[in-house]
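>>> I'd like to go over a predicted model; first the sequence, then the structure.
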Amino acid sequence: MMESESATRTTPLERLPAELIWAILSKLDCLKTLHRAVLSCRLLWRSFSKDSSRVATSVILNYLDSYDVRPEALAALQASSMPELTPSSMQEFYTSHLSKRHADRGAFLTFAQVAAVARLHSAVSRLADEFPQTYIPKLPTPTGDLCAFEPLELSPSEKGRVIRALYALEIFFNLFRKTSMSHVEEPEAMNEFLVSFAPWEIEQIVCAQEFLFLHVSPAFKNPTTHNVPGRRFENRPALWSFYAEVQTRFFLGLVALESIARAGTYNQQDDPLYHGRTPPIRRSLLSRALQHLDFEKALGDHEKDSVSSFENAQDYSTKVKPPFFDDPDEGPFTVWKEAHRLNQLRDSVYQRDHELQGRAYVMWSGHRLDSLGALHNPRQILTVPRKAHGERGVSSWRERSRRPVQWEDELVDGWWDPSEESSTTAQEW
């Protein structure tokens, strides 16, 4: 009788085999859900505790797979844990992660690695959500007006494209943050990294970098208005995203940079920025790698092929090399082809004045590009002279990156946008 009463008090969950409960937990795709589940009852906690790291690994990988960015996230994780980069370790990394995009189905992560991946992906996802506010207002409509009349959301495919480009930046920053390469080897390694991607994918990386400049760092973004007791002044940055000083800060990584964007106080902004110290300027940078990009080895005999000779992305993949990501949407390829249709393949990557970056055309879906008229009006995407923001020499950026301001014998604690030739009503000393 006692056994029968005990059986009736047993819940259906408790009657499941432990292996099945473990499998159910492993199918979750959210760490917060996993955390709440295992704290809800002792049975789930015991099942989780038997192999907690493996369950957490499965959940974080499911989370990444929902965005189709498992290969990029795992590559960023490995790059962040590598010691100083050498030519041989770069080649190993290239073979494992860049020569071909593939998901490691047998990946096993520690709790610390799971937490690092979750933190990075959350930052990348938040940045991607901010992306359209930066670029969509710049898009012309078929009538020539601007799309500033209403905020637009990224489609799932567009958001995935932005996320992958941001991950490419993170991998680059992690790889080259510390190297023991010579001044000749490091630029060559950076070039090898970039040519792992198709031309339109490199343009996407450039777009992500310009977005990072515009959105993330408070020292490099829009004019900042400061309130001081009894006074008000504006400090207008006169910087360009390709300055070595700006590029050096990018190597902090996306988690730190995104936290700066969300910071609400000077101290919160300042702590991730080397704790107020100005870092030494790096010798090799992403901007320089782009400016001196050498595509000849990657293109082989196709370097002089006309861009207009490729019918679609599959045609390019067959004749030259596959893109890193097999994008089912032809929009990015088509708009890149239209922008460079008069160029040879070797001259089809990173033309700084192209509106491919200025309006992020290579990020948008074919449907959006078609609705904007961009695919039927190539003039929208051809070279348009764009005066880069603050394209002037900066000789004292580091000296100005943290300087007190005196105003009517009152010392204002804080740091302002590190700008050469800034327009400000405050008198610096």
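Nice, thanks for sending it over.
>>> Could you tell me which ranges of the stretch 251-400 of the chain sit under the pLDDT cut-off?
264-279, 351-358, 376-400 (pLDDT under 70).
>>> now for the one helix or strand residue 209 maps to, which elements pack on it?
Counting by DSSP states H and E, the element that carries residue 209 is helix 199-215. Helix 199-215 is packed against helix 111-135, helix 156-176, helix 244-250, helix 254-262, helix 286-291, helix 331-339, helix 355-358, with contacts defined by 3 or more C-beta pairs under 8 Å, 6 or more residues apart in numbering; DSSP states H and E. (Each C-beta comes from the backbone N, C-alpha and C, glycine too.)
>>> other SSEs contacting the fourth one?
Counting by 3+ C-beta pairs under 8 Å, 6+ apart, the packing neighbours recorded for helix 254-262 are helix 111-135, helix 156-176, helix 199-215, helix 266-270.
>>> Endpoints of stretch 36-52, how far apart?
14 Å (C-alpha to C-alpha, to the nearest Å).
>>> that older thread, tilt between the helix holding residue 209 and helix 254-262?
40 degrees (axes from the mean of the first three to the mean of the last three C-alpha atoms, to 10 degrees).
>>> what's the angle between helix 199-215 and helix 156-176?
80 degrees.
>>> Quick check: the gap between residue 361 and residue 346.
According to C-beta to C-beta, to the nearest Å, residue 361 and residue 346 sit 21 Å apart.
>>> Tell me which of these two has more neighbours.
Legend: neighbour count by other C-beta atoms under 10 Å for residue 361 and residue 346, higher for residue 361 (30 against 18).
>>> The residue lying closest to the more buried one once chain neighbours are set aside and residue 163: what is the separation?
Leaving aside its chain neighbours, residue 361 sits nearest to residue 335 (4.6 Å; criterion: C-beta to C-beta, 6 or more residues apart in numbering). To residue 163, residue 335 is 19 Å away according to C-beta to C-beta.
>>> ditto for residue 328
Distance from residue 328 to residue 163, by C-beta to C-beta: 16 Å.
>>> Those two: who's more crowded?
Higher neighbour count among residue 328 and residue 163: residue 163, with 24 against 8, using other C-beta under 10 Å.
>>> ok, the more buried one - contacts?
67, 69, 72, 124-125, 128 (C-beta atoms under 8 Å, 6 or more residues apart in numbering).
>>> Can you say which of the helices and strands packed on helix 199-215 is packed in most?
Among the helices and strands packed on helix 199-215, helix 331-339 has the highest mean neighbour count (mean count of other C-beta atoms under 10 Å), at a mean of 25.
>>> That one to helix 199-215, inter-axis angle?
100 degrees.
>>> Show me what helix 331-339 is packed against.
Using 3+ C-beta pairs under 8 Å, 6+ apart: helix 331-339 touches helix 199-215, helix 355-358, helix 366-372.
>>> go again using 6 Å as the cut-off
helix 199-215, helix 366-372 (3 or more C-beta pairs under 6 Å, 6 or more residues apart in numbering; DSSP states H and E).
>>> weakest of those in terms of mean pLDDT?
With a mean of 84, helix 366-372 has the lowest mean pLDDT of the helices and strands packed on helix 331-339.
>>> My guess is residue 58 contacts residue 24. True?
No: the pair residue 58 / residue 24 is not scored as a contact, 10.9 Å apart, by C-beta atoms under 6 Å.
>>> Now distance to residue 322 too, for the helices and strands packed on helix 254-262, in CSV please.
Output for those, formatted as CSV (distance: least, C-beta to C-beta, whole Å):
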stretch, distance to residue 322
helix 111-135, 24
helix 156-176, 15
helix 199-215, 11
helix 266-270, 41
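>>> Out of these, which gets nearest to residue 311?
Closest approach to residue 311 among the helices and strands packed on helix 254-262 (C-beta to C-beta): helix 199-215, 14.6 Å.
>>> How about residues contacting the closest one?
Helix 199-215 is contacted by residues 130-131, 134, 165-166, 168-169, 194, 220, 241, 323-324, 332-333, 336, 348-350, 356-357, 360, 362-363 when judged by C-beta atoms under 6 Å, 6 or more residues apart in numbering.
>>> sorry, back to before: compare residue 58 and residue 24 and say which is more crowded by neighbours.
Neighbour totals were compared for residue 58 and residue 24, and residue 58 leads with 23 against 14 (other C-beta under 10 Å).
>>> Kindly state the pLDDT recorded for that one?
Reading off the model, residue 58 has pLDDT 94.
>>> and it, what are its phi and psi?
phi -60, psi -40 (degrees, to the nearest 10).
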